[in-house]
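Colleague: any chance you can model this:
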Amino acid sequence: MIVFRVCDSRFPFLWELADGARQRPARWHGVGEGPAQYFADTAAGAWAELLRHEDITDPADLQGISARIWAIHIVDIEMHEPKLPLDALTSPPDGYEICRNEARRLRAAGAVRLVAVSAALKPGEAAGFHVGVTGLVRAPFRDGKVIVHFGRLPEAEGWCVADSGRPPPVYSRRSGRWPQLRALPNQRLDLSGAACRVHKSLARDRITGPNL
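Modeller: Numbers count the residues shown, from 1 in each chain. Purely as a prediction, here's the structure:
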């Protein structure tokens, strides 16, 4: 399967074992429980998770983003779906422990990969486009998904789709369309100067993983 991930261009697109202890906790893993590899099932989902993680609420701030997006092939294995209500699956960071406990339960039962609804995209907003006689036509609605793999993925093969990319100003978040967006994590962008980057928090987190 092909999945997508946004990361700092200075680092690889996956965590390794040596990184596990340093990986910051996120929705589906706690301190010392890495490496945990976070992916989105669409490029739209990967960009939306970046916007959510960086608390970008103004389309004008998109000009300040410069990040690398990867398309990654990972081997298909069984994926386990957490048994949690939608409010828990899409909670802000103060509700992550519910998700972590569910991940621990599934991992204790042998799961190494989870799939869950995207907390960044509104329902149906992962849809892509078809080419029709009049040009681009929006494809039928599809919900965005997040895939989380626990452990290394040495067989994964990645292709850099954009080295200094940014999302187009058309994405919706679960809380609504621009500019009515929910303020989530407290990370801030450095928006001074023409070559603004989100390098500070991307470098800190190594990779802006989905569902952070």
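
Colleague: C-alpha from now on. contacts and neighbour counts both.
Modeller: OK.

Colleague: so which residues of this structure form helices?
Modeller: Counting by DSSP state H, the chain has helices at residues 43-53, 86-89, 96-108, 199-205.

Colleague: quick one, which of those is nearest to Ala156?
Modeller: helix 43-53 (17.2 Å; C-alpha to C-alpha).

Colleague: for the closest one, packing partners?
Modeller: Of the remaining helices and strands, those touching helix 43-53 by 3 or more C-alpha pairs under 8 Å, 6 or more residues apart in numbering; DSSP states H and E are strand 2-7, strand 207-208.

Colleague: list the contacts for Arg142?
Modeller: Contacts for Arg142 were tallied using C-alpha atoms under 8 Å, 6 or more residues apart in numbering; they are Pro123, Gly124, Glu125, Ala126, Ala127.

Colleague: now the two most distant members of the residues you listed.
Modeller: The most widely separated members of the contacts of Arg142, counting by C-alpha to C-alpha, are Pro123 and Ala127 (9.7 Å).

Colleague: give me the low-pLDDT residue ranges for this structure?
Modeller: 20, 168-212 (pLDDT under 70).

Colleague: Arg22 touches Glu33, doesn't it?
Modeller: No - applying C-alpha atoms under 8 Å as the test, Arg22 and Glu33 come out as separate, 9.8 Å apart.

Colleague: re earlier: wait, which of the helices and strands packed on helix 43-53 is closest to Pro154?
Modeller: Counting by C-alpha to C-alpha, and looking across all of the helices and strands packed on helix 43-53, nearest comes strand 2-7 at 15.1 Å.

Colleague: which helices and strands does that closest one pack with?
Modeller: strand 36-40, helix 43-53, strand 67-73, strand 207-208.

Colleague: how does it look with 6 Å?
Modeller: Here strand 2-7 touches strand 36-40, strand 67-73, strand 207-208, going by 3 or more C-alpha pairs under 6 Å, 6 or more residues apart in numbering; DSSP states H and E.

Colleague: which strand runs longest in the protein?
Modeller: What stands out as the longest strand in the chain, according to DSSP state E, is strand 157-165.

Colleague: returning to what we had before: hey, which of the helices and strands packed on strand 2-7 is tucked in deepest?
Modeller: Greatest average neighbour count among these goes to strand 36-40 (a mean of 28), per mean count of other C-alpha atoms under 10 Å.

Colleague: out of the helices of the chain, which is the most enclosed?
Modeller: Most buried among those, counting by mean count of other C-alpha under 10 Å: helix 43-53, with a mean of 26.

Colleague: Ser118 is in contact with Val148, isn't it?
Modeller: No - judged on C-alpha atoms under 6 Å, Ser118 makes no contact with Val148 at a distance of 11.4 Å.

Colleague: ok, and the most crowded of the contacts of Arg142?
Modeller: Tallying neighbours with other C-alpha atoms under 10 Å puts Ala126 at the head of these, with 24 neighbours.

Colleague: next, count neighbours for the closest residue in space to that residue that isn't next to it in sequence.
Modeller: With C-alpha to C-alpha, 6 or more residues apart in numbering as the criterion, Ala126 has its nearest non-adjacent residue at 4.8 Å, and that residue is Gly144. As a burial measure, Gly144 scores 25 neighbours (other C-alpha under 10 Å).
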